[in-house]
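Undergrad: Would you be able to build a 3D model of this:
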Amino acid sequence: MRLRRTCLGTAVALAVVLGIPACSSAGAATGVVTGRAWACSGPYRGPGSLLATLQVYRGHALIATKTIPSGTRYRFTLSPGRYVVSNTGNRKGQPSVSVHSSQVSRVNIPDICK
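TA: Here you go, the predicted model:
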């Protein structure tokens, strides 16, 4: 038992001396984008047409997608940067949002098809 404590103590001391982070998440800084989203209304297309399919773009790159019931909350965890959140697949005219590390940004996605 004494040997085990000594080895553990030595390992911890060595990690501290060498500067090895025990539980570091360096480089993993993220922020959150959340809000409510409404489906793009148009002609009724049957069950499931009241779903908002959200796309998150950074520049021209599609970063993430999520489908939610219309009028409900969504949440994306993203790296810091500027994004466009769309419910139509078209980035033009959609709200953009800046994501900052360890912060929550809120943006509602309206039904722009009315």
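Undergrad: could you say what helices and strands the host helix or strand of residue 105 packs with?
TA: Taking DSSP states H and E as the definition, residue 105 sits inside strand 104-106. Here strand 104-106 touches strand 31-37, strand 96-99, going by 3 or more Cβ pairs under 8 Å, 6 or more residues apart in numbering; DSSP states H and E. Every residue, glycine included, has its C-beta placed from N, CA and C.
Undergrad: which residues of this structure score low on pLDDT?
TA: The chain contains residues with pLDDT under 70 at 1-28, 42-49, 90-91, 114.
Undergrad: 90 instead, please
TA: The chain contains residues with pLDDT under 90 at 1-28, 38-52, 70, 86-96, 109-114.
Undergrad: Could I get the full set of helices for it?
TA: Remark: helices assigned in the chain by DSSP state H are 2-18.
Undergrad: Name the residues of stretch 78-88 that are buried.
TA: Neighbour-count burial for stretch 78-88, counted by 16 or more other Cβ atoms under 10 Å, picks out 78, 83-88.
Undergrad: Give the bridge partners for residue 99, please.
TA: Here residue 99 sits in beta bridges with residue 81, as judged by DSSP bridges.
Undergrad: residues contacting residue 68?
TA: Residues in contact with residue 68 (Cβ atoms under 8 Å, 6 or more residues apart in numbering) are 37, 51-52, 54, 74.
Undergrad: Can you give me the buried ones in the strand holding residue 105?
TA: Buried residues in strand 104-106 (16+ other Cβ under 10 Å): residue 105.
Undergrad: What of stretch 63-78?
TA: Using 16+ other Cβ under 10 Å as the test for burial, stretch 63-78 gives 63, 68, 70, 74, 76, 78.
Undergrad: Inside strands: which ones of those?
TA: Residues of the buried residues of stretch 63-78 located in strands (DSSP state E): 63, 68, 74, 76, 78.
Undergrad: Closest to residue 110 out of the residues you listed?
TA: Using Cβ to Cβ, residue 74 is the member of these that lies nearest residue 110, at 13.1 Å.
Undergrad: Do I have it right that that closest one meets residue 66?
TA: Yes: with contact defined as Cβ atoms under 8 Å, residue 74 reaches residue 66; the gap is 5.8 Å.
Undergrad: my guess is residue 80 meets residue 105, correct?
TA: No: the pair residue 80 and residue 105 fails to qualify as a contact (Cβ under 8 Å) at a distance of 10.4 Å.
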